[in-house]
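Participant: okay, here's the prediction I keep looking at, along with the sequence it came from:
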Amino acid sequence: MLSRVAENLYWMARYLERAENTARLISVNTNLLLDLPRRVVPGWAPLIEITGSRAIFAAHYAEPDERSVVKFLIGDVANPGSILNSLGFARENARTVRDFIPREAWEQVNELYLYAKNNQASGLSRSRRYDYLRGVILGVQQITGLLAGTMTHDEGYGLLRMGRNLERADMTIRIIDVRSENLLPGKSEELTPFENIQWVGVLKSLSAYQMYRRAMQARVRRPDVLRFLFKERLFPRAVHYTISEVENCLKHLPRREVPLGRVSRLRELVTASHPEELDQAELHRFIDSLELGLNELHRAISDTYFLPGVSSA
């Protein structure tokens, strides 16, 4: 397989996953504001932190109010991580590899981009936002299922899976890092009942709530949520699962020694960890080490399989 094709497949999957994750974040945050009392307002700034776009946002907006953040994350052309830009990048990558993916997948990527572009106004409206974001989420999931069911599961499909799971791992730890630090102000007993709602929001941001209840069979608590999202081996968005998926994909690729070594060390770091026992400062340092490991893994994959000096990020 050509390096150019490998890179396009990898980034197509990452951008699709990024669009879905961003849509889910906005949707969950909108509902979270309705569930919490007025005096406990997590606001919209955490979404900018999660997506790592503080500098770009500050250059174009004065305050992280609801309309500004939603507009920035849905369709701002200045934000490379917006839903519209992510789908546009996915569309361009898909267009260049149309001979390697099913035609129906290319058509669906194109249709999803046009849907997101032509219906941006719905995303800015609270009354229509849910349906718009649900359309994006289901559209990406349809593409993912279509590729799984109709694309040959060869090296190209392995690169798709690697891109998707690396993006998922990155988003999971970003959400945990920011949301665990921006939950409730102080330790007031008056606000304790609402802590449960906030951690439910963390789980729902990753579509993990129902699977958490099945696996843990306990009320939603910080230690259990952290243990589930980091170490669950069967949930597709848990950190351990996503890293293991990347490792399994690499085992079927040539010249895999360097990236396989990186991902093995990353998996061992998660396996040996006890995130439920960490305080906030320790948790932040642990997540920093995971972020560094994910970045090193991406560079190893890029250096091994993609054209030097070219990046689709």
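Facilitator: Received, thanks. Numbering: from 1, shown residues only.
Participant: helices along the stretch 151-300 of the chain, start to end?
Facilitator: Using DSSP state H, counting those that start in this stretch, the helices of the stretch 151-300 of the chain run over residues 155-181, 192-205, 209-216, 222-231, 239-250, 257-271, 280-305.
Participant: identify the residues contacting the shortest one?
Facilitator: With contacts defined as CB atoms under 8 Å, 6 or more residues apart in numbering, helix 209-216 is touched by 200, 203, 220, 224, 225, 228, 232, 234, 235. All C-beta atoms are positioned from the backbone trio N, CA, C, and that covers glycine.
Participant: again with the fifth one
Facilitator: For helix 239-250, the surrounding residues in contact (CB under 8 Å, 6+ apart) are 158-159, 161-162, 165-166, 168-169, 172-173, 229-236, 256, 259-260, 263-264, 266-267, 270-271, 290, 297.
Participant: where does the stretch 1-150 of the chain dip in pLDDT?
Facilitator: 35-42 (pLDDT under 70).
Participant: going by distance to residue 12, which of the contacts of helix 209-216 wins?
Facilitator: residue 235 (24.0 Å; CB to CB).
Participant: how many neighbouring residues does that closest one have?
Facilitator: 20 (other CB atoms under 10 Å).
Participant: now it, nearest residue through space, not along the chain?
Facilitator: For residue 235, ignoring the flanking residues on the chain, the nearest one in space by CB to CB, 6 or more residues apart in numbering is residue 211 at 5.2 Å.
Participant: show the pLDDT at the one you found.
Facilitator: In this model, residue 211 is scored at 96, pLDDT.
Participant: burial of it, as a residue count?
Facilitator: Neighbour number of residue 211 under other CB under 10 Å is 18.
Participant: do residue 130 as well
Facilitator: 16.
Participant: would you mind putting the helices of the stretch 151-300 of the chain into JSON lines with distance to residue 18 alongside?
Facilitator: Formatted as JSON lines, the helices of the stretch 151-300 of the chain follow (distance: least, CB to CB, whole Å):
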{"stretch": "helix 155-181", "distance to residue 18": "6"}
{"stretch": "helix 192-205", "distance to residue 18": "14"}
{"stretch": "helix 209-216", "distance to residue 18": "21"}
{"stretch": "helix 222-231", "distance to residue 18": "19"}
{"stretch": "helix 239-250", "distance to residue 18": "14"}
{"stretch": "helix 257-271", "distance to residue 18": "20"}
{"stretch": "helix 280-305", "distance to residue 18": "14"}
